[in-house]
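K.L.:
3D, please:
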Amino acid sequence: MWVSFMSCVSVILLNMYTSKSEFASQPDPVMSVSVGDNVILRCFILNNYDDPVVWYKQTSGQQPSIVALVQMVKYVENPDFYNEFKSQKRFTIEKANGMCHLKITNVTASDEGMYYCGGKNYEIFFAGGTYLNLKGLQNTQHELYVSVLQRPASVSVHSGDTVMLMCSVLSERTSEDIRMFWFRSDSGKSVPQIIYTYNQSDQCEIDSATQNCTNNLYKDIVSQTDAGMYYCALITCGKILFGNGTKIHVEKSVESIVIILGVLLGFCVVVIIAQAVSYHKKARHYYNRENVQDTDKHHPSSQDCDALHYAAPHFKEGKNRRMRRKEAPQDSVYSQLNYLRVTDHTIFE
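P.N.:
Below is the predicted model:
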């Protein structure tokens, strides 16, 4: 029983991690819905991709069957449905540039399975696939209703923290035929990994009033690689049930190198400000000195104003004409006059 369980789980995980294509992607590895719900299975493709896109469905133990063929060119609107999906109006296609989604309305138990979108671009390619899981399971033989509930839906943590993931199996009565496991998926970036398995009998807390089995997974967050979707799943009565999943988001912590760079940046800012202040002081000092020199040029001091002034004395002519005729050519005699500047008055000596 346990060997078949692990084989079945391995097949599902391998189906969820098919060869990753750069042309198409399915971001939801698992979609959990209830009977009667509406669901959209998302498929994203490259922009301006105009070749046909194909949707396939695969159930356990069955060969893949084609659901629809979608022409991505604008002038072809209606897709072609095949097999049993041709007569069912519950399946529709929502297409646009860069997307080709499969919508299922009024989900039934027969819709459970693995859905792939793919196409052809020089070679056939497929996205990672989406497993459509039903939240409630009814065992027709024992009329046993079982469902899986996970809490919380999402959580944000830092590297080094420990997070608790809760998984509850809701059942009308206890069943020994239950095996539970945890696995992590990071949207196709790496192979989904089974991180924990256990038996109900020795590792499950059973509520006697509600007959619910609760298992808590304590996960140590080491780095960003621990981020992703964590799913709780169980196998019972030949069926595999998935929880709704818990998304762990690892927030980036401030590393020491960032702190060092911040301190260096602050030091550089201080140095730049100091240099700017010093330059401003020097420029102001130079400007003041230039103003002083200009003032000295326009307003000389008293020491610099000592100058020689010469005056030519004129003598009145005498009445002796004989002496006037004998005079030599007229000479000019200058007398030195000094003046001192005292406040605003000039004194001649």
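K.L.:
how about the strands in the stretch 1-150 of the chain?
P.N.:
24-25, 30-33, 39-41, 44-45, 53-58, 65-70, 80-81, 91-96, 99-104, 113-120, 124-126, 130-134, 136-139, 144-151 (DSSP state E, counting those that start in this stretch).
K.L.:
contacts for the first one?
P.N.:
When you say that, I think you mean strand 24-25. By Cβ atoms under 8 Å, 6 or more residues apart in numbering, the residues outside strand 24-25 that reach it are 43-46, 53, 117-119, 125-128, 187-188. Where C-beta positions appear, they are placed from N, C-alpha and C, glycine not excepted.
K.L.:
and that strand, which strands flank it?
P.N.:
Strand 24-25 sits in its sheet next to strand 44-45 (antiparallel), going by DSSP bridges.
K.L.:
what's the answer for the third one, then?
P.N.:
Here strand 39-41 has these sheet partners by DSSP bridges: strand 99-104 (antiparallel).
K.L.:
Okay, buried residues for the strand it pairs with please.
P.N.:
Within strand 99-104, the residues scored as buried using 16 or more other Cβ atoms under 10 Å are 100-102, 104.
K.L.:
Between these, which sits nearest Gln58?
P.N.:
Nearest to Gln58 among the buried residues of strand 99-104, counting by Cβ to Cβ, is Leu102 at 13.7 Å.
K.L.:
Reformat the buried residues of strand 99-104 as TSV; add pLDDT.
P.N.:
TSV is the format used below for these (pLDDT from 0 to 100):
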residue	pLDDT
Cys100	92
His101	94
Leu102	95
Ile104	94
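K.L.:
so which pair among those is furthest apart in space?
P.N.:
Between any two of the buried residues of strand 99-104 (Cβ to Cβ), the greatest distance is 14.4 Å, for Cys100 and Ile104.
K.L.:
what is the mean pLDDT for stretch 275-293?
P.N.:
Stretch 275-293 carries an average pLDDT of 77.
K.L.:
Convert the C-alpha atoms of it to PDB, please.
P.N.:
Taking C-alpha atoms only, stretch 275-293 is exported to PDB below (Å, rounded to 0.1, in the frame of the first residue of the first chain):
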ATOM      1  CA  GLN A 275      34.500  70.700   1.900                       C
ATOM      2  CA  ALA A 276      31.700  72.900   0.700                       C
ATOM      3  CA  VAL A 277      31.700  74.900   3.900                       C
ATOM      4  CA  SER A 278      35.500  75.400   3.800                       C
ATOM      5  CA  TYR A 279      35.300  76.500   0.200                       C
ATOM      6  CA  HIS A 280      32.600  78.900   1.000                       C
ATOM      7  CA  LYS A 281      34.700  80.500   3.800                       C
ATOM      8  CA  LYS A 282      37.700  80.800   1.600                       C
ATOM      9  CA  ALA A 283      35.700  82.400  -1.200                       C
ATOM     10  CA  ARG A 284      34.200  84.900   1.200                       C
ATOM     11  CA  HIS A 285      37.600  85.800   2.700                       C
ATOM     12  CA  TYR A 286      39.000  86.400  -0.800                       C
ATOM     13  CA  TYR A 287      36.000  88.500  -1.700                       C
ATOM     14  CA  ASN A 288      36.400  90.700   1.400                       C
ATOM     15  CA  ARG A 289      40.100  91.200   0.700                       C
ATOM     16  CA  GLU A 290      39.400  92.300  -2.800                       C
ATOM     17  CA  ASN A 291      36.900  94.800  -1.500                       C
ATOM     18  CA  VAL A 292      39.400  96.200   0.900                       C
ATOM     19  CA  GLN A 293      42.000  96.700  -1.900                       C
END
